[in-house]
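Build me a structure from this.
(2 chains)
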Amino acid sequence: DIVMTQSPDSLAVSLGERATINCKSSQTVFHSSNSKNYLAWYQQKPGQPPKLLLYWASTRESGVPVRFSGSGSGTDFTLTISSLQAEDVAVYYCQQYYSSPLTFGQGTRLEIK
Amino acid sequence: QVQLVESGGGVVEPGTSLRLSCAASGFTFSTYAMHWVRQAPGKGLEWVAVISSVGTETYYADSEKGRFTISRDNSKNTLYLQMNSLRAEDTAIYYCARDPYPGYGDYFDYWGQGTLVTVSS
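Have a look, this model is predicted:
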């Protein structure tokens, strides 16, 4: 199984500042046949189901604000929120879909400083 | 708009069975693979199972293999999860989630609100 490890476990950032969450996979999730990274990011607010933010590591889902961006390749990935808004308080998860079983990171809790 | 509505959760004793349902609307259900993902109270997300768009292929997480069965009825736009021999560690919110492709093993573009399953004596 591919193990996904996020860092940090929790993060406090001031409004308007940049937030960065890291995700590392235990093996590559880059498929050379199509040059794609099989990595998605989700946001989960309290009492709500997760919401897809990004897929293929850096493709923003429709309707997701441009302040959310993804980068990285192979085994190391980053979710960046360029200017933190109050509504971004949530737990963020990365997920690999390179191989079964599909696996998630443990989550990163993002709060306002 | 895409809607996924889970039902069938509840409080059950260890060793018993439960069947969850997920009613889908707002999209052509028969052209998308579907998943179950669960979340234990206060914990992270855990993928449970996937079924292809036409129901011919299914895959499970190792911990559920042999106990859980995913199925679908495309004529009723409904996804199911039959859970047998339930254990305390199966206690979780169970979400159904849509795969953006007809195959299997991708990411999840829409999620239901979830149904809570509590296994306790």
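
thought residue B:91 was touching residue B:117?
Yes: under the criterion of Cβ atoms under 8 Å, residue B:91 makes contact with residue B:117 at 6.4 Å. Glycine gets a C-beta too; all of them are placed from N, C-alpha and C.

Now do the strands in chain A.
Remark: strands assigned in chain A by DSSP state E are A:4-7, A:10-13, A:19-25, A:30-31, A:36-37, A:39-44, A:51-55, A:59-60, A:68-73, A:76-81, A:90-96, A:103-104, A:108-112.

How about the first one and chain B, any contact?
Same thing as strand A:4-7. No: Strand A:4-7 stays clear of chain B (Cβ under 8 Å from any Cβ of the partner chain), getting no nearer than 9.4 Å.

Provide the strand pairings for that strand, with the direction of each partner.
Here strand A:4-7 is paired, per DSSP bridges, with strand A:19-25 (antiparallel).

Would you mind writing the CA trace of the strand it pairs with as PDB?
The C-alpha trace of strand A:19-25 is given here as PDB (Å, rounded to 0.1, in the frame of the first residue of the first chain):
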ATOM      1  CA  ALA A  19      -0.500  28.600   4.200                       C
ATOM      2  CA  THR A  20       1.600  25.600   3.000                       C
ATOM      3  CA  ILE A  21       0.700  21.900   3.600                       C
ATOM      4  CA  ASN A  22       3.000  19.100   2.500                       C
ATOM      5  CA  CYS A  23       2.200  15.600   1.400                       C
ATOM      6  CA  LYS A  24       4.700  12.800   0.900                       C
ATOM      7  CA  SER A  25       4.000   9.400  -0.600                       C
END
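
buried stuff in that strand?
A:19, A:21-25 (16 or more other Cβ atoms under 10 Å in any protein chain shown).
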